[in-house]
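Asks: coordinates only, sequence not included:
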Ligand SMILES: [Zn+2]
Ligand SMILES: [Zn+2]
């Protein structure tokens, strides 16, 4: 089984590394699944396909993290939020290149692609959000 | 409540730091408890006292650790064993200053006191065993 | 048969909550069990207690897993089956539910349920990291979202949708700190002012230090048995008449709404249905105020008020001692403290005290129905229990 | 009423065991559940399964706790109660017992039990450290004693007391590697020789590499229901007729003997008593061979042979395929692999296959009674179950 056929979080991040935002779509019931899961949680089918999503979305909620875990302490304070794409699919992430005062629920944001940061597990690539 | 009145593992190691091997003794039923516990597990009394044990004991079983956790890798291979003191009380620990070939079940060993090794939790002192 | 007792609580114990330097989980748990044994002189714990179910959230704090036998070892309960239950901050709520099933199953006649956590020996950064393990690793942790951060996302959404204010959240802290001064076992024993709360350091905006529960060491336990034999062990058993538990997505971002915990709503509804009661029947409740916003969500999710009215409810004083429905008389997670694994059964301990008239100067007069609401993570687990004075 | 079925297994699933690169626990568990759903077409999992109890040992591997809801989330089981059970390497044996209680309690009609662990993405040093968390931190871990080290202490004592040899231990590995070649889901698919086993690298003397079970990724699950409705879901349910569980001291050094696991003896005796059976009635068994010495101890503790006779029993071939009592037909932890949290219900999966004639070229002909023996840590938990072909 090639990696791309595995509907895993690891494959999702492999796509992120290729600068693509991908979700799983169930061929049986049409459910679009993000994060991807190996089995449709609506109809339990494993007949899935990858589909590419547009990177534009709207901010659902946000916060500013002041007390951070060690790994992120050098970035604090930083803004994180939950962003809704088309079809109501959502992902959380950091919101960069914006002042806290300018962040508003409902604002347009775009998912952007960072780079792989670690040779240790998990060596996933990063994504983040930025105002349009 | 002073530390010495707490029948805890921490207090046990405070005594180790003072080069004393101490156990809890239940005033209600006479049970001697090592490692110390705040409640007698035989009669559930919390009326306990500290008693000092002699450091001499006999080897019950042993092994040589070749694959060690990171923290101990620089010491590997090292010998560890379980030692029985009077009253059948037992503790495990490293056996130093002996060749593997000379280690025998039933041999006489003596508990010796090392030093405190860490400023991080837990900053307990070390003990180890050595042939008499 | 709504309202039929599932099990009876015949005793309960709680360690002192606080910074318990020089202790380990096993020693704190022994302290709690000792109280429960002393309260119940007709019980022979070593002979009578047949199993232990214990909530414990994090093996990282003490680098120690396999908590079930460790605690049985330190409390005289060997060789009885002893199982650790982990549902993040709802670990001992889940342990309680498991203990109820153990009794109802007929396999055991008397069981102990409880929970424990030792946290204060770790740095704030370490605790922040260990708590984050209860959230979704590949999307939430990976993006630097902390536990306060998740509740902050709910708070921002609630403020935006319903006009809830930071002052209203602070009122939760003020109430619970007041209650904590009446509870000698609470971690904090001091009143706070609105000014102090509002000016405290930001942890994850809009949540400030005084919106967050305390990092605390502590343990709690209950002894459960079949209702028909409970009077053999105590004159004042407390019956559990409703148990509801539900799960939700591990990731907060996967959920339809951020302004309500669906798992808590379902768990609450299931518990009410089992008990044959409605929210208005509850006289005293302990709810999961890990953050002040969480207590407001609890009011709404449990039907104590309508959606979006949580802020108004705290302002009206309904949930204060002396109000119509006192909530978190113990001081709650906010002031009593939140040793995560211990919290669920510590809530039950407070309700046990209230329903047996042992809550001293925080006693809710005439309380006959109590409720506990224990939430794990950002709401992926919720466990609700309803109690009745026997 | 000895021998009365407690619950019936109506389906079971197992992921491929092995190095499952690029997967997480939740994905492996989905793979196992998918098989169990496909096997049971009369079941509507989303509607019918009412709760999930899942064994998972270590939150450190994936920096992920709160495993219950995470797995429910990935398998369509939300919003059902989903609870993680941790008893070290006996986590899913404990989960199975908890699921049995859930059915017997009357609170749930159909539940899923299972277990999962993802380990191979970590270094050997990391895995060594995470596994050690199941042993006593302040005396065993603190003194550098690893998990293999604890079983090595038992092996040395057993050799000293009974004359058990390293060759006899190697025979366990040879048998289980052979069985593994017959199991397409086993991690290892290769025979080993005595020479190869004896010359493998020392891990903790006298235990060498081939005395140790494999670091493996995998997941397992069972679907349980009330015996009186089992036939609605499958023509070939397997009944569980005995469940025994016991605990012992967390520290190996605290125990009276090192040559037997008291918890396993008690758990076995309780399971036999419940089932109304004796050791000689068992036709096929999966025992906890985390290390080769552990399989020999299991023979003795379960009454398959007398104390000290384990070495002789393996030499006589009694427990080989074709012998009188085949043990670890799946390949055992040694060759099938040991994703710690998954092991208990993976053992039950093999017995389910055997008692429903689905074990293909490792089928034990005419097997009607099966047994599983799941041990946590160095023996602080033991969970024994007895199964009967319906
Ligand atoms: Zn579908
Ligand atoms: Zn005593």
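Replies: That came through fine. Not measured: the values here are computed from a predicted model. Ligands and ions are numbered 1, 2, ... in the order given.
Asks: please count neighbours and contacts with C-alpha atoms only from this point.
Replies: OK.
Asks: the worst-scoring helix or strand of chain A on mean pLDDT vs chain D: in contact?
Replies: Within chain A, no helix or strand scores below strand A:108-116, which has a mean of 92 by mean pLDDT, DSSP states H and E. No. Judged by C-alpha under 8 Å from any C-alpha of the partner chain, strand A:108-116 stays clear of chain D, getting no closer than 15.3 Å.
Asks: what helices or strands is that strand leaning on?
Replies: Secondary-structure packing of strand A:108-116 (3 or more C-alpha pairs under 8 Å, 6 or more residues apart in numbering or on different chains; DSSP states H and E): helix A:9-17, strand A:56-65, strand A:125-131.
Asks: closest to residue D:329 out of these?
Replies: Closest to residue D:329 of the helices and strands packed on strand A:108-116 is helix A:9-17 (C-alpha to C-alpha; 33.5 Å).
Asks: neighbours around residue 69, how many?
Replies: Just going to use chain A. With neighbours defined by other C-alpha atoms under 10 Å in any protein chain shown, the count for residue A:69 comes to 23.
Asks: meant chain C, my bad for not saying
Replies: The number of residues packed near residue C:69 is 32, by other C-alpha under 10 Å.
Asks: deepest-packed of the helices and strands packed on strand A:108-116, please.
Replies: Ranked by mean neighbour count, the helices and strands packed on strand A:108-116 are led by strand A:56-65 with a mean of 25 (mean count of other C-alpha atoms under 10 Å in any protein chain shown).
Asks: outline the domain layout of chain C.
Replies: Annotated domains of chain C cover C:7-122+C:216-238, C:147-214+C:243-389 [automatic domain parsing].
Asks: nearest to residue D:320, out of the helices and strands packed on strand A:108-116?
Replies: Comparing these by their distance to residue D:320 (C-alpha to C-alpha), the top pick is helix A:9-17, with 40.4 Å.
Asks: tell me the buried residues in the next helix or strand after the closest one?
Replies: Later in the chain than helix A:9-17, the nearest helix or strand by DSSP states H and E is strand A:22-26. For strand A:22-26, the neighbour count (16 or more other C-alpha atoms under 10 Å in any protein chain shown) marks A:22, A:23, A:24, A:25, A:26 as buried.
Asks: for strand A:22-26, name the packing helices and strands.
Replies: helix A:9-17, strand A:32-33, strand A:48-52.
Asks: rewinding a little: columns distance to ligand 2 on top of the helices and strands packed on strand A:108-116, output as CSV?
Replies: Below are those laid out as CSV (distance: least, C-alpha to the ion, whole Å):
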stretch, distance to ligand 2
helix A:9-17, 54
strand A:56-65, 51
strand A:125-131, 58
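Asks: so which of these comes closest to ligand 1?
Replies: helix A:9-17 (18.1 Å; C-alpha to the ion).
Asks: remind me what the closest one packs against, helices and strands.
Replies: When contacts are defined as 3+ C-alpha pairs under 8 Å, 6+ apart, helix A:9-17 sits against strand A:22-26, strand A:108-116, strand A:125-131.
Asks: could I get those as TSV with distance to residue C:63?
Replies: Output for the helices and strands packed on helix A:9-17, formatted as TSV (distance: least, C-alpha to C-alpha, whole Å):
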stretch	distance to residue C:63
strand A:22-26	37
strand A:108-116	30
strand A:125-131	30
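Asks: next, residue A:96: phi, psi?
Replies: Main-chain torsions, residue A:96, degrees, to the nearest 10: phi -110, psi 170.
Asks: my bad, residue C:152
Replies: For residue C:152, the backbone dihedrals (degrees, to the nearest 10) come out as phi -60, psi -40.
Asks: my guess is it contacts residue C:205, does it?
Replies: Yes. Counting by C-alpha atoms under 8 Å, residue C:152 touches residue C:205, with 6.3 Å between them.
Asks: more neighbours, the two?
Replies: Between residue C:152 and residue C:205, residue C:152 has the larger neighbour count (other C-alpha under 10 Å), namely 29 against 22.
Asks: can you give me every residue that contacts the more buried one?
Replies: Contact partners of residue C:152, counting by C-alpha atoms under 8 Å, 6 or more residues apart in numbering or on different chains, are A:62, A:63, C:204, C:205, C:206, C:207.
Asks: residue C:319 too?
Replies: C:313, C:325, C:326, C:327.
Asks: need the per-residue pLDDT for it.
Replies: For residue C:319, the pLDDT comes out at 98.
Asks: contact partners for the closest residue to it other than its chain neighbours?
Replies: Leaving out its chain neighbours, the residue that sits closest to residue C:319 by C-alpha to C-alpha, 6 or more residues apart in numbering or on different chains is residue C:326, at 4.2 Å. By C-alpha under 8 Å, 6+ apart, the contact list for residue C:326 reads C:283, C:284, C:285, C:318, C:319, C:320, C:364.
Asks: ok so, going back, can you give the strand pairings for the least confident helix or strand of chain A, parallel or anti for each?
Replies: Here strand A:108-116 is paired, per DSSP bridges, with strand A:56-65 (antiparallel), strand A:125-131 (antiparallel).
Asks: in it, what's buried?
Replies: Using 16+ other C-alpha under 10 Å as the test for burial, strand A:108-116 gives A:108, A:109, A:110, A:111, A:112, A:113, A:116.
Asks: now for those: which two are most distant?
Replies: A:108 and A:116 (25.5 Å).
Asks: what is whichever strand or helix holds residue C:111 packed up against?
Replies: Using DSSP H and E, residue C:111 falls within strand C:110-117. If contacts are counted by 3+ C-alpha pairs under 8 Å, 6+ apart, strand C:110-117 sits against helix C:25-38, strand C:51-55, helix C:91-104, strand C:218-225, helix C:343-355.
Asks: does the helix or strand just after that strand come close to chain B?
Replies: Per DSSP H and E, the first helix or strand lying C-terminal to strand C:110-117 is helix C:124-132. No. Residues of helix C:124-132 are not located near chain B by C-alpha under 8 Å from any C-alpha, the shortest gap being 11.8 Å.
Asks: nearest to ligand 1, out of the buried residues of strand A:108-116: which one, please.
Replies: Among the buried residues of strand A:108-116, residue A:111 lies closest to ligand 1 (C-alpha to the ion), at 26.1 Å.
Asks: check contacts around the closest one.
Replies: Taking C-alpha under 8 Å, 6+ apart as the criterion, residue A:111 is in contact with A:55, A:56, A:57, A:127, A:128, A:129, A:130.
Asks: surely residue C:109 touches residue C:47?
Replies: No. Contact criterion C-alpha under 8 Å: residue C:109 and residue C:47 do not qualify, at 11.6 Å.
Asks: compare those two (neighbour count), which wins?
Replies: Between residue C:109 and residue C:47, counted using other C-alpha under 10 Å, residue C:109 has the larger neighbour count: 18 against 10.
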